[in-house]
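Visitor: need coordinates for the following:
(one chain, ligands or ions: 2)
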Amino acid sequence: MNPHLARLCQLAGQPSRRIIGLMSGTSLDGLDVALCRLEGHGPGIKLTLEHFQTVSYTEDTKQRIRQVFARDSVNLEYLTLLNPWLGQLHARAVLACLAEWQIAPAEVHLIASHGQTIYHAPRHQHQRPGFDLNATLQIGDGDHIAVETGIITLSDFRQKHVAAGGEGAPLAAYGDFLLLSSPAEERLLLNLGGIANFTYLPRAGGDATSAFSTDTGPGNTLLDATVRTYRPDLAYDENGRLALAGHVHKGLLTELLAHPFFAAPLPKTTGPELFAPAYLAAAQECSATTGLPLEDLLATLAEFSAVGVARAVRLAFAGRPAPTAVYASGGGAHNPALMQALARHLPGTRFASTDELGVPGDAKEAILFAVLANEAVAGTPVSIGAGRQRVPAVSMGKVSFPG
Ligand SMILES: Nc1ncnc2c1ncn2[C@@H]1O[C@H](COP(=O)(O)OP(=O)(O)OP(=O)(O)O)[C@@H](O)[C@H]1O
Ligand SMILES: CC(=O)N[C@H]1[C@@H]2OC[C@@H](O2)[C@@H](O)[C@@H]1O[C@H](C)C(=O)O
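Guide: Ligands and ions are numbered 1, 2, ... in the order given. A predicted model of the protein is given here:
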């Protein structure tokens, strides 16, 4: 037997595994590296987050990714080069973190790498004749990570979800269900990344088939892009300072919310391919708000993200009350302008952070991929939300051996 395969089988039989989860999200702020100890598999799994770090991208790395990110046309040679380049960059980031944590690579069992989404194309968004399918593309090749670190690597998790009939996202429900279900309450787990999404978790032990996750629209993506356009010296609106100084423009908000995405049934996904600066520019043209000051634009965009979340929640729970326990994660949870707008649009909700549940919000997505890799290696195919999600039980992730 291939010794790497034998090693993988041995890992699968162990009571616990040490897995590094890697996530590079749509905000392009950096690579999240989460070293997780996972005991068992399936419901009842136990997570210990041993270390977490976001390795910031340099301006050069951000520029390289932006050359292809969510673009309709790219230079193919450039993309071909970027795929292994990013894999190598991620591998070196892992090695640097391990050196800082004083942990030898041989003490880590697996790497679970999401890679970098460069294009997300659910059917409802691309609507291309002759392509009756969902598609999504992540780069940062797993073979390069495995070879450079010497650690067996699982990557490219989204393709199986697409192959089984999903849109390739959000995958959050799988990790949220296993780690964060509670017998005491039903919950919404709200992730405010570049794109916002939430997971609905019924009470643990209740009807598991009703768990699901969905994107709701933009989280920070338009806020960040707008800040960068007007204030190239800033990466984002820190603590919502600028947005809090502005006023929501009702006319612009109405235009922004006119897209059929917001009324479409759940679950659904989207990305910065749609919610791009061109989308905002078109809405400004239609509402005669091209001269709006930056503060008012940001106040309106924060409101837009919050209303997107509230509409999706209303769609999900039409006819019955939505869960009042909402646990937020992702960078947008640090933005008071966004959180205050959410509180206005979801009255009666108790907002907390997933940190309260033992899962730091900034690490949650990287942890998700460690959990998915753990299930792929040691568990059985996972079925989430058979009712609404309509994706059969699957294992996700492709295996790369270091040699
Ligand atoms: N203190 C803060 N004040 C305001 N906004 C913040 C703050 N900290 C983070 N953010 C926002 O969060 C963003 C980063 O969020 P996060 O890392 O969750 O995104 P991501 O994981 O790349 O996105 P996605 O989940 O869509 O892939 C920043 O670009 C910024 O908009
Ligand atoms: C295609 C893609 O990369 N989607 C991301 C993105 O970032 C947030 C939202 O859009 C979510 O759908 C997803 O990531 C998380 C980790 C998920 O799959 O749950």
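Visitor: and the closest residue to ligand 1 within the stretch 101-250 of the chain, what's its pLDDT?
Guide: Proximity of the stretch 101-250 of the chain to ligand 1 (CB to the nearest ligand atom) peaks at residue 193, 2.0 Å away. The C-beta positions use only the backbone N, C-alpha and C, and glycine is treated the same way. With respect to pLDDT, residue 193 scores 96.
Visitor: which residues sit in contact with residue 84?
Guide: Counting by CB atoms under 8 Å, 6 or more residues apart in numbering, residue 84 touches 141, 144.
Visitor: distance of it from ligand 2?
Guide: Going from residue 84 to ligand 2 by CB to the nearest ligand atom, to the nearest Å gives 20 Å.
Visitor: near ligand 1, which residues of the stretch 301-403 of the chain are found?
Guide: Contact residues (CB under 6 Å from any ligand atom) of the stretch 301-403 of the chain with ligand 1: 330, 331, 332, 334, 335, 365.
Visitor: next step: those residues restricted to helices.
Guide: Using DSSP state H, residue 365 are the members of those that sit in helices.
Visitor: nearest to ligand 2 among the residues of the stretch 301-403 of the chain next to ligand 1?
Guide: Using CB to the nearest ligand atom, those come closest to ligand 2 at residue 365, 4.2 Å.
Visitor: so the closest one makes contact with residue 22?
Guide: No: Residue 365 lies out of contact with residue 22 (CB atoms under 8 Å); the separation is 9.8 Å.
Visitor: show me which of these two is the more surrounded one.
Guide: More crowded of residue 365 and residue 22, by other CB atoms under 10 Å: residue 22, with 27 against 24.
Visitor: so which strand or helix has that one?
Guide: According to DSSP states H and E, residue 22 maps onto strand 16-24.
Visitor: which residues touch that strand?
Guide: Contacts for strand 16-24 (CB under 8 Å, 6+ apart): 11, 30-40, 50, 90, 93-94, 107-116, 140, 145, 151, 365-371, 373-374, 377-378.
Visitor: which parts of the chain sit against ligand 2?
Guide: Close to ligand 2, as judged by CB under 6 Å from any ligand atom, the chain has residues 25-26, 117, 120, 136, 168-172, 193-195, 197, 215, 269, 271, 365, 368.
Visitor: list the buried ones in the longest helix along the chain?
Guide: Identified as the longest helix of the chain according to DSSP H is helix 76-101. Residues of helix 76-101 classed as buried by neighbour count (16 or more other CB atoms under 10 Å): 82-87, 89-91, 93-94, 97-98.
Visitor: export these as CSV, with columns for pLDDT.
Guide: Below are the buried residues of helix 76-101 laid out as CSV (pLDDT from 0 to 100):
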residue, pLDDT
82, 98
83, 98
84, 98
85, 98
86, 98
87, 98
89, 98
90, 98
91, 99
93, 98
94, 99
97, 98
98, 98
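Visitor: grab the nearest non-local neighbour of residue 166.
Guide: Leaving aside its sequence neighbours, residue 166 sits nearest to residue 391 (CB to CB, 6 or more residues apart in numbering; 4.3 Å).
Visitor: what does residue 371 give?
Guide: Distance criterion CB to CB, 6+ apart; nearest residue to residue 371, sequence neighbours excluded, is residue 175 at 4.3 Å.
Visitor: how far out from the middle of the chain is the helix or strand encompassing that neighbour?
Guide: Assigned by DSSP H and E, residue 175 belongs to helix 172-180. Taking CA atoms, centre = their mean, to the nearest Å, one finds helix 172-180 lying 13 Å from the centre of the chain it belongs to.
Visitor: re earlier: my guess is the residue of the stretch 101-250 of the chain closest to ligand 1 contacts residue 217, does it?
Guide: No: applying CB under 8 Å, one finds residue 193 not in contact with residue 217, separated by 11.9 Å.
Visitor: got a list of what residue 14 touches?
Guide: Residue 14 touches 109, 378, counting by CB under 8 Å, 6+ apart.
Visitor: gap between the two ends of stretch 149-156?
Guide: With CA to CA, to the nearest Å as the measure, stretch 149-156 spans 17 Å from end to end.
Visitor: I misspoke; the intended subject was stretch 356-366.
Guide: 18 Å.
Visitor: contacts only, for the closest residue in space to residue 353 that isn't next to it in sequence.
Guide: With sequence-adjacent residues excluded and distances taken as CB to CB, 6+ apart, residue 353 is closest to residue 361, at 5.2 Å. Counting by CB under 8 Å, 6+ apart, residue 361 touches 191, 328, 329, 330, 333, 353, 354, 355.
Visitor: adjacent strands (with direction) for the strand holding residue 22?
Guide: Strand 16-24 sits in its sheet next to strand 30-39 (antiparallel), strand 110-121 (parallel), going by DSSP bridges.
Visitor: any chance of those strands in JSON lines, plus distance to residue 285, mean neighbour count and mean pLDDT?
Guide: As requested, those are exported to JSON lines (distance: least, CB to CB, whole Å; neighbours: other CB atoms under 10 Å; pLDDT from 0 to 100):
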{"stretch": "strand 30-39", "distance to residue 285": "34", "mean neighbour count": "22", "mean pLDDT": "98"}
{"stretch": "strand 110-121", "distance to residue 285": "25", "mean neighbour count": "25", "mean pLDDT": "98"}
